[in-house]
Each structure stands twice: as structure tokens, then as C-alpha cells.
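S.K.: okay, structure incoming, though there's no sequence with it:
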Ligand code: SAH
Ligand code: SF4
């Protein structure tokens with residue numbers, strides 16, 4: 001009877017998720033709980049993050065006792081692959097099922113000699129931008145740092161190759177889940193873990209001033225994209241409700257603070273929406289926003305999302321828009337599209353699957 005109760009208790013105790021643990025937590029764990037030297041933590045992390053071995057039993061430079069002990073205490077918890085679509089340009093779009101049955105998406109872009117992973121920070125998103133498939137689905141919950149890191153690791157494992165670029169441009173607003181996102185970023189950067197270079201990690205935000213300031217203060221050195229999408233508050237509030245809470249003046253004040261501290265150029269994302277923000281007047285007004293800031297503007301052709309009232313402008317509207325920006329000395333580029341034939345706009349795959 002007693003033994004049974006013990007079993008019940010043991011199985012009920014949630015095991016830690018390996019992907020949730022920072023290098024310091026791994027070191028404290030092996031030293032304090034297992035009485036082993038600190039470098040054992042580095043060895044385990046090397047297996048997981050560098051060799052992509054997700055089974056303690058296969059970590060052959062660990063003692064047999066430790067290999068048997070670790071699975072009792074820690075889970076290497078990966079999401080389950082629910083669906084993958086591969087486009088003609090080799091972009092892979094993944095749908096992952098989390099432990100609680102929720103779904104998140106990620107996208108892998110294949111640039112020939114390197115890959116970029118576009119990863120999620122939340123299940124859904126509460127900010128409801130009018131053009132965004134994720135926004136239409138509403139918000140379910142934040143991802144843990146472990147879930148963020150694990151869906152990246154699962155992509156590397158699936159593609160059988162290192163992925164050296166990470167952008168937080170999947171589902172969710174990273175700065176509404178800043179603790180977990182920044183914890184995940186530290187794991188991506190830590191040399192003993194994934195060891196990505198700071199210039200290969202980018203957070204994209206709809207403009208949460210506190211988050212931008214916090215990123216500046218934490219001094220991680222990573223890149224920042226602002227989803228600007230409009231040249232003034234009037235248009236921006238129409239397509240991005242978050243602008244009512246944090247108007248452009250507040251967002252740009254935070255951006256100036258970030259740039260002063262980091263010295264890094266900020267990227268502005270601007271989705272071109274026909275007859276909404278693609279007029280020559282918009283281009284002129286847009287250029288006036290960047291006084292005192294070093295920016296790079298990424299123009300993005302709208303990726304059509306069912307149920308939205310937006311359309312993509314034709315090249316005859318996009319080209320003059322770009323020309324004006326260039327004449328006003330704003331550095332800009334039209335973003336190359338990836339995976340348009342496979343619903344690669346964020347939230348589209350989950351939207352279809354969950355609503356089916
Ligand atoms: N919430 C964050 C990050 C995730 S969205 C943000 O908004 O920045 C990542 C990028 O995809 C954002 O720039 C967003 O505006 C863009 N996006 C969303 N829906 C899109 C669509 N239908 N076509 C093109 N870009 C889209
Ligand atoms: Fe959320 Fe970004 Fe989509 Fe807006 S664009 S709803 S902030 S995920």
C-alpha cells in the first residue's frame with residue numbers, strides 16, 4: 001500500500017523540462033543535486049544543443065549511472081509535429097502540438113547556404129492586428145521558455161542541419177511574454193548551449209515601449225524589428241489596435257532609448273496594404289518619423305489572409321512608394337517572399353487546422 005502511494009506521488013511530480021533550464025540552473029543541478037562536477041552540465045547541454053541528441057541514454061560520455069538517473073529527474077520535452085508543409089522554394093511551415101494539446105506554428109526559410117527559423121512566443125496573440133491570421137485567433141497563453149527553445153530544436157532536428165538565424169516573427173507578441181522570451185534568447189546565445197551569434201537573433205514587436213526599453217537595459221545585443229505598418233497614429237490605430245494604448249510617440253521614444261544604448265540600427269517592417277498605407281503621401285509622411293534614428297525599412301507585400309478586408313497593392317503602387325523613400329534617403333528594401341504557396345503568413349496554418 002505504502003509502495004503504491006509512493007509510486008503515485010512520484011509519477012505525479014512534474015519533471016523539469018531540459019529546455020527550460022539555463023546553463024546556471026544546469027550547473028546548480030549537477031553540483032547540488034547530483035554531486036557532480038560543473039562541467040557535466042556543459043557536457044549534457046552540448047549533447048542537447050549542439051549534437052541534437054534528445055535521449056539521455058545516448059549521451060555516451062556520461063557515466064552509465066548518470067544516464068539512467070537523468071530521465072528520472074528531467075524530461076527532454078519536444079513538441080509533437082502535427083503537420084509540415086514544404087513550398088516550392090523549400091520553405092517549411094510547421095505546426096507543433098504542445099503538451100496541453102495547444103498548437104503553435106513556425107517557419108523555416110532555406111536561403112541555400114543557411115537557414116532562418118521564424119518562431120512563436122505565444123499561443124495566439126491578444127493584439128488583433130487586422131491583417132494578421134494569428135491576431136484573428138485571439139490569445140490562449142504564453143509559451144514557456146522551454147517551449148520556445150524546444151520548437152526551435154525540433155526544427156533543427158527535423159531538417160538535420162544547424163539553423164543559425166532566429167527571428168521572433170511567428171505567433172504572438174514577444175514583449176507580452178518578455179520574461180520567457182528573454183530567457184529563451186539567453187539560451188540561444190549561451191556558448192555552452194546553442195551559441196547563436198547576437199546578430200543572428202531578432203525580436204519583432206508591434207511596439208510595446210516597456211519591452212523595447214527592457215531589451216535595451218538587458219544589453220543582449222540582438223536585433224530589433226518594429227512592426228510599424230503606418231506613417232501616422234490615425235492609420236496605425238485602424239489596423240493595429242495596440243496603437244491606441246501605445247501611440248507612435250511612445251514607441252519611437254522607446255526606440256530612441258534602445259538605439260542610444262545599443263548603437264544598433266532598427267528595422268522597420270511595413271506591410272503594404274492597398275489603398276490603406278501605400279499612397280505617395282504615406283511614403284512622404286513615413287520618412288518624417290525617423291528623425292534622429294538609424295533605420296532600415298523592410299517593405300512587405302501583404303500575404304493575403306482569408307476573412308480580412310485587405311489586399312496587396314500591385315507593383316505599380318509599390319515601386320513609386322519605394323522610390324520616394326529612397327529619394328528621401330531612407331534605406332529600404334522589398335522583402336523577398338517565402339512560402340506564399342503554403343500559407344506561410346503567421347497563424348494561417350494553425351487557423352486552418354484548429355478551425356477544421
Ligand atoms: N507580434 C510581433 C511578432 C510576430 S508577427 C509583431 O507584430 O511584430 C511577425 C511579422 O509578421 C510582423 O511584422 C507582422 O506584422 C507580420 N505579418 C502579420 N500578418 C501578415 C500578413 N498577412 N502579411 C505579411 N506580414 C504579416
Ligand atoms: Fe499579434 Fe504580431 Fe499578429 Fe499583431 S501582427 S496580431 S502583434 S502576432
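M.R.: Thanks, I have it. Because the structure is predicted, anything quoted here is derived from the model rather than measured. Ligands and ions are numbered 1, 2, ... in the order given.
S.K.: rest of the way, CA atoms for contacts and neighbours
M.R.: Noted.
S.K.: those helices in this protein, which residues are they?
M.R.: Taking DSSP state H as the criterion, the chain contains helices spanning 2-12, 23-28, 39-45, 64-73, 133-137, 145-159, 178-189, 209-218, 233-239, 242-245, 248-262, 280-288, 315-327, 348-355.
S.K.: near ligand 1, which residues of this protein?
M.R.: 131-132, 168-173, 204-206, 227, 269, 271, 302-305, 345-346 (CA under 6 Å from any ligand atom).
S.K.: highest mean neighbour count out of the helices of the chain?
M.R.: Stretch with highest mean neighbour count among the helices of the chain: helix 133-137 (a mean of 24; mean count of other CA atoms under 10 Å).
S.K.: I'd like the average pLDDT over that one.
M.R.: What helix 133-137 shows for mean pLDDT is 91.
S.K.: do that helix and ligand 2 meet at all?
M.R.: Yes - applying CA under 6 Å from any ligand atom, one finds helix 133-137 touching ligand 2 at 134, 135.
S.K.: tell me the contacts of the residue nearest to the spatial centre of the chain?
M.R.: Centre of the chain computed as the mean C-alpha position; nearest residue by CA atoms, centre = their mean is residue 168, 2.0 Å away. Neighbouring residues of residue 168 by CA atoms under 8 Å, 6 or more residues apart in numbering: 118, 119, 120, 121, 174, 202, 203, 204.
S.K.: ok, now with 6 Å
M.R.: Shown in contact with residue 168 (CA atoms under 6 Å, 6 or more residues apart in numbering): 118, 119, 203, 204.
S.K.: quick check: it vs residue 43, distance?
M.R.: Counting by CA to CA, to the nearest Å, the gap from residue 168 to residue 43 is 28 Å.
S.K.: residue of this protein closest to ligand 2, please.
M.R.: Using CA to the nearest ligand atom, the single residue of the chain nearest to ligand 2 is residue 135, 3.5 Å away.
S.K.: hmm, who's touching stretch 139-154?
M.R.: Contacts with stretch 139-154, where a contact means CA under 6 Å, 6+ apart, come from 19, 20, 78, 121, 122, 123, 124, 125, 126, 180, 184.
S.K.: now with 8 Å, please.
M.R.: Stretch 139-154 has contacts (CA under 8 Å, 6+ apart) with 17-21, 49, 52, 77-79, 96, 98, 106, 117, 119-126, 177, 180-181, 183-184, 187-188.
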